[in-house]
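Novice: sequence and predicted model, in that order:
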Amino acid sequence: MSASLKTWKPIISLLPEVKSPSYKVPFGEKIVWTLGVGVLYLMGSQMPLFGAEQSTTDALYWLRPAVGGNKGTFFEFGVSPIVGSGLVLQLLYGAGYINVDFAARDQRALFGGLQKLVAVGLVVVQAVVAVFGGLYGSNLSPFVTSTLLTQLIVAGLLSILLDEVLQKGYGFGTGYALFIGTHATENLVWKAFSLRSFQTGKGTEYEGAVVALVQLLLTRRDKFRAVKEAFYRGNLPNVFGLIVQVAAMGAILYFQSTRYELSVQHSLQRQNNGKYPIKLLYAGNIPLIVVSTAIGLYTFVSQALFNLFPNNLFVRVLGVWKSYDKVPQRFASSGLAYYLSPPRSTISAVFDPIQFVIYASLVIGTCAAGNNAKDVAKGLEVQGLVLPGRREGSIYKELKKLIPSMTMAGGAILGVVAVTGDVLGKLVKMGVQCLELQLIRVAVGPNGCGTAAAILVPTLYQFFEVIAIQYQNRPAGEPLY
């Protein structure tokens with residue numbers, strides 16, 4: 001165990017912890033725990049923060065599809081502290097600053113505790129940056145400032161503990177996967193079927209794209225213009241953006257089911273061959289979540305600094321932010337944040353291809369990187385599996401050639417679908433959907449259609465796959481509760 005990890009052990013022991021279950025949690029009880037955690041998170045992501053000005057910009061605008069959470073709500077930051085802490089520790093581990101033997105149980109536990117400690121630190125940092133960076137309004141009273149800080153920090157700690165509840169075995173999968181999937185599903189359903197109405201220059205309009213389409217067809221004499229308006233309206237969710245997101249989900253679902261089956265056999269029973277499936281989307285959506293989180297956290301800090309020091313040269317190099325189309329939402333107009341952010345609209349991508357190429361290369365390149373052929377080969381060898389007609393130990397050589405290719409191809413496809421969906425989703429005139437002054441809840445606008453789909457489908461697929469596997473592996477006759 002490295003000395004650096006030992007140093008943090010006394011502090012880690014002070015953190016609140018969810019105890020592991022002292023019994024084998026029945027399948028039905030896991031369902032109850034999972035549903036309960038999901039409902040609690042969903043309720044918190046709709047609960048408004050006391051003291052926050054709802055007319056301010058959403059500094060986490062680009063981060064919403066990757067980490068969940070709605071602007072101005074209790075779970076404002078979603079799972080960004082959890083994902084961010086994992087990213088920080090992986091970078092430190094890869095750089096050699098942290099030495100961990102993951103085969104040793106105590107070191108794994110200590111590494112997990114250190115990740116929780118970093119997550120708590122990120123919660124505090126995000127809360128301080130958001131409140132004092134003017135993201136909830138300026139000239140806040142000491143009472144409102146302290147109240148906002150308390151709410152954000154308590155919510156961040158609660159999200160960490162809820163994630164730990166599932167990871168300790170009370171439920172299925174992980175909390176951050178459940179939270180991201182819950183938020184993305186809720187956001188998609190809300191944009192399609194919300195019955196919330198607004199008074200616009202053209203009369204009463206419904207927020208849900210499908211509901212608005214029906215309403216316009218029933219109330220407008222010119223049916224062609226009614227359909228056109230429902231498809232391309234820029235101030236509220238539109239049918240075209242919804243179709244783009246559903247199409248992206250369908251494409252990813254197709255690639256998710258694509259796999260290569262590697263023939264294997266047991267070393268002691270070579271006459272019986274089996275198949276080991278290697279999915280095209282081998283790495284899943286983790287690289288996309290990581291790069292989206294990294295970009296989102298950077299733009300979050302950049303925007304907060306710009307609010308405080310708009311004329312500082314260094315801050316302007318990090319990013320200059322301004323509003324468009326008479327809405328309070330700010331977008332990067334220059335600086336590093338501009339080139340790390342998705343194009344604001346399809347027109348922006350056409351007239352500034354350099355920004356689009358840099359952003360697309362970053363997302364696609366990150367998604368296509370990484371593999372763990374050695375870990376997979378080790379797992380198969382432990383089970384006594386070998387390649388037919390090959391010597392023992394040869395399976396790693398085969399996986400070393402196969403898995404990187406699958407990872408690169410699948411990751412590139414996922415990145416391309418995400419970037420393409422994001423750009424096509426902005427084909428309409430740019431407008432921040434649902435960003436009205438009287439709204440407490442601010443849904444993700446035309447941005448993130450592709451990214452949301454690329455994150456939602458693999459997350460739900462893997463989540464239900466875990467549930468199906470655990471259900472099939474239940475002992476015969478075991479009660480559900």
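Specialist: Yep, that arrived. Residues are numbered from 1 along each chain as shown.
Novice: any stretches of the stretch 151-300 of the chain with poor pLDDT?
Specialist: Counting by pLDDT under 70, the stretch 151-300 of the chain has low-confidence residues at 264-274, 276, 282-283.
Novice: try it again at 80.
Specialist: Per-residue confidence for the stretch 151-300 of the chain (pLDDT under 80) gives these ranges: 198-203, 234-236, 259-286.
Novice: that one: helices as residue ranges?
Specialist: 175-193, 209-219, 223-232, 239-256, 286-308 (DSSP state H, counting those that start in this stretch).
Novice: for the first one, what is the distance to the chain centroid?
Specialist: Looking back up the chat, that one is helix 175-193. From the chain centre to the centre of helix 175-193 is a distance of 10 Å (C-alpha atoms, centre = their mean, to the nearest Å).
Novice: three-state assignment of residue 52?
Specialist: Three-state assignment for residue 52 (DSSP: H, G, I helix; E, B strand; the rest coil): coil.
Novice: give me the number of residues near the closest residue to it other than its chain neighbours?
Specialist: Spatial nearest neighbour of residue 52, excluding adjacent residues (C-beta to C-beta, 6 or more residues apart in numbering): residue 136 at 4.3 Å. To be clear about C-beta, it is placed using only N, CA and C from the backbone, and glycine gets the same treatment. Neighbour count for residue 136, taken as other C-beta atoms under 10 Å: 23.
Novice: give me every residue that touches residue 136.
Specialist: Neighbouring residues of residue 136 by C-beta atoms under 8 Å, 6 or more residues apart in numbering: 49, 51-53, 56, 72, 130, 148.
Novice: apply 10 Å and report the result again.
Specialist: Residues in contact with residue 136, defined by C-beta atoms under 10 Å, 6 or more residues apart in numbering, are 49, 51-54, 56, 59, 71-72, 76, 130, 144-145, 148, 152.
Novice: same question for residue 228.
Specialist: With C-beta under 10 Å, 6+ apart, residue 228 has these contacts: 216, 222, 240.
Novice: can you pull the pLDDT of the residue positioned nearest the centre of the chain?
Specialist: Per C-alpha atoms, centre = their mean, the C-alpha nearest to the average position across the chain is that of residue 66, at 2.1 Å. Looking at residue 66, its pLDDT reads 77.
Novice: got a list of what it touches?
Specialist: Taking C-beta under 10 Å, 6+ apart, one finds 60, 78-80, 83, 180, 183-184, 285, 288-296, 448, 451-452, 454-455 in contact with residue 66.
Novice: ditto for residue 11
Specialist: By C-beta under 10 Å, 6+ apart, residue 11 lies in contact with 113-114, 117, 120.
Novice: can you pull out the strands in this structure?
Specialist: Taking DSSP state E, the strands of the chain run over residues 197-200, 203-206, 259-266, 269-279, 320-323, 330-334, 385-386.
Novice: pairing partners for the fifth one, with directions?
Specialist: It stands for strand 320-323. Note on strand 320-323: by DSSP bridges, its sheet partners are strand 330-334 (antiparallel).
Novice: buried ones in the partner strand?
Specialist: Using 16 or more other C-beta atoms under 10 Å as the test for burial, strand 330-334 gives 330-332.
Novice: just the buried residues from the contacts of residue 136, in ChimeraX please.
Specialist: Only the buried entries of the contacts of residue 136 go into this ChimeraX selection, using 16+ other C-beta under 10 Å:
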select :49,51,52,53,54,56,59,71,72,76,130,144,148,152
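Novice: so how far is the longest helix along the chain from its chain's centroid?
Specialist: Longest helix of the chain, by residue count under DSSP state H: helix 395-424. In terms of C-alpha atoms, centre = their mean, the centre of helix 395-424 is found 18 Å from the chain centre.
Novice: by contact count, what packs against that helix?
Specialist: When contacts are defined as 3 or more C-beta pairs under 10 Å, 6 or more residues apart in numbering; DSSP states H and E, helix 395-424 packs onto helix 239-256, strand 259-266, strand 269-279, helix 286-308, helix 346-351, helix 353-367, helix 373-382, helix 449-472.
Novice: report the mean per-residue pLDDT for the longest one.
Specialist: Average pLDDT, helix 449-472: 82.
Novice: now do it: distance to the chain's middle.
Specialist: Centre-to-centre, helix 449-472 and its host chain are 12 Å apart (C-alpha atoms, centre = their mean).
Novice: stretch 73-82 now?
Specialist: On C-alpha atoms, centre = their mean, the centre of stretch 73-82 falls 11 Å from the chain's centre.
Novice: wait, doesn't residue 215 sit right on residue 198?
Specialist: No - counting by C-beta atoms under 10 Å, residue 215 does not reach residue 198; the two are 12.0 Å apart.
Novice: so for those two, which sits in the more crowded spot?
Specialist: Between residue 215 and residue 198, counted using other C-beta under 10 Å, residue 215 has the larger neighbour count: 18 against 15.
Novice: for residue 240, see how far away that one is.
Specialist: In this structure, residue 215 and residue 240 are 17 Å apart, going by C-beta to C-beta, to the nearest Å.
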